[in-house]
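Peer 1: Take this sequence and fold it.
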Amino acid sequence: MNTHPVVLITGALTGIGRATALAFARDGSRVVVSGRHDDGGQVLVTELRALGAEAEFVRADVRREDDVRNLVDRTVERFGRLDVAVNNAGTEGQPGALTEQSAETYAATFDTNVLGTILSLKHEMRVMLAQGHGSIVNLSSTMGSRGAAGASMYVASKHAVEGLTKSAALEGAAAGVRVNAVAPGPVETALLARFTGNADRKAGLIAGVPAKRAGRPEEIAQTIVFLASDKVDYITGQIIGVNGGKTAS
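Peer 2: Modelled structure (predicted):
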């Protein structure tokens, strides 16, 4: 990989996505960040450029294929290639019992978490397969390999992301395109606060982590940077848990 790789990050304006953009910028990468809010995108780009990185913001909604196609094409137009893609855009959906879910709550979760990942993979791989190299990191969750009462739509969507990761890895391996996923446990983000709903539920969830704390977005970001790098060229199709020991037992 070039010493200044080109990195594309969806859902980059907050939480893990934002921390990942900053981590890649500090590592010397050229970064394209994407999200649905122009103001937040420009604020982040200013921060990235202050770190010395070449950075651009492209507004995109991963649920819309035209947006995703344009995002990838503009990245290549600007920097000439695409070395790394981080598919971070996601939603917690509507927590609640399975019997309370509807076609609408299903679509609201799956359109972002699953369709968004499919469309991103499709257009990122379109470029990476043609250029003969690339590394993609999808964002899953500890719940992508286990169940959780009251989170059926989110759990199911992250199971789907892990299946997509493995399938895409098999399609890309011979062409030099790696596809992996990072599966965080509870992380101190706005999504965690929304997902748990209140301080007591949040504390209860964190109490189940052997490390007895939530992760920090920066910790997940550093794992993504490492997994995307050419230091681990033989790793593909893997789901890397970053969860303070949550899945050790």
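
Peer 1: Go ahead and measure how far the helix or strand hosting residue 158 is from the middle of the chain.
Peer 2: Per DSSP states H and E: residue 158 is located in helix 152-172. Here helix 152-172 is found 12 Å from its chain centre; the criterion is CA atoms, centre = their mean, to the nearest Å.

Peer 1: Could you give the number of residues near residue 98?
Peer 2: Residue 98 has 12 neighbours, counted by other CB atoms under 10 Å. C-beta here means a position set from N, CA and C on the backbone, and glycine is covered the same way.

Peer 1: circling back to that earlier point, for the helix holding residue 158, list every residue counted as buried.
Peer 2: By neighbour count on 16 or more other CB atoms under 10 Å, the buried set for helix 152-172 is 152-162, 164-165, 168-169, 172.

Peer 1: Any idea which residue is closest to the centre of the protein?
Peer 2: Taking CA atoms, centre = their mean as the criterion, residue 88 is the residue nearest the geometric centre of the chain, at 2.1 Å.

Peer 1: Against residue 3, how distant is that residue?
Peer 2: 24 Å (CB to CB, to the nearest Å).

Peer 1: do residue 194 as well
Peer 2: Distance from residue 194 to residue 3, by CB to CB: 39 Å.

Peer 1: ranges for the helices of the protein?
Peer 2: Using DSSP state H, the helices of the chain run over 15-26, 38-50, 65-79, 103-110, 116-131, 152-172, 190-196, 199-207, 217-228.

Peer 1: quick one: contacts of the fifth one?
Peer 2: When you say that, I think you mean helix 116-131. Residues outside helix 116-131 that contact it (CB atoms under 8 Å, 6 or more residues apart in numbering): 8, 10, 62-65, 68-69, 71-73, 76, 81-82, 85, 87, 89-90, 134, 136, 138, 160-161, 164, 168, 171-172, 175, 177, 179.

Peer 1: still on that earlier bit, how about the contacts made by the residue nearest to the centre of the chain?
Peer 2: Applying CB under 8 Å, 6+ apart, the residues near residue 88 are 9, 10, 11, 12, 16, 17, 20, 139.

Peer 1: The second one: how many residues sit nearby?
Peer 2: Think residue 10. Around residue 10 sit 29 other residues, with neighbours defined as other CB under 10 Å.

Peer 1: can you check the fifth one too?
Peer 2: If you count neighbours by other CB under 10 Å, residue 16 ends up with 27.

Peer 1: any idea how far residue 31 is from residue 123?
Peer 2: Using CB to CB, one gets 18 Å for the distance from residue 31 to residue 123.

Peer 1: my bad, residue 208
Peer 2: Remark: distance between residue 208 and residue 123 (CB to CB) = 37 Å.

Peer 1: With residue 244 instead?
Peer 2: 34 Å.

Peer 1: Likewise for residue 152?
Peer 2: To residue 123, residue 152 is 29 Å away according to CB to CB.

Peer 1: now residue 225
Peer 2: Taking CB to CB, one finds residue 225 at 22 Å from residue 123.

Peer 1: next one: residue 249
Peer 2: When residue 249 is compared with residue 123 (using CB to CB), they lie 39 Å apart.

Peer 1: More neighbours: the two, which one.
Peer 2: For residue 249 versus residue 123, neighbours defined as other CB under 10 Å are more numerous around residue 123 (21 against 5).

Peer 1: With the flanking residues excluded, which residue is spatially nearest to that one?
Peer 2: Nearest residue to residue 123, sequence neighbours excluded (CB to CB, 6 or more residues apart in numbering): residue 72, at 4.2 Å.

Peer 1: try residue 73
Peer 2: residue 123 (8.0 Å).

Peer 1: One more: residue 233?
Peer 2: residue 178 (7.2 Å).

Peer 1: Give the full set of residues in contact with the one you found.
Peer 2: Residues in contact with residue 178 (CB under 8 Å, 6+ apart) are 134, 135, 136, 169, 172, 233, 235, 236.
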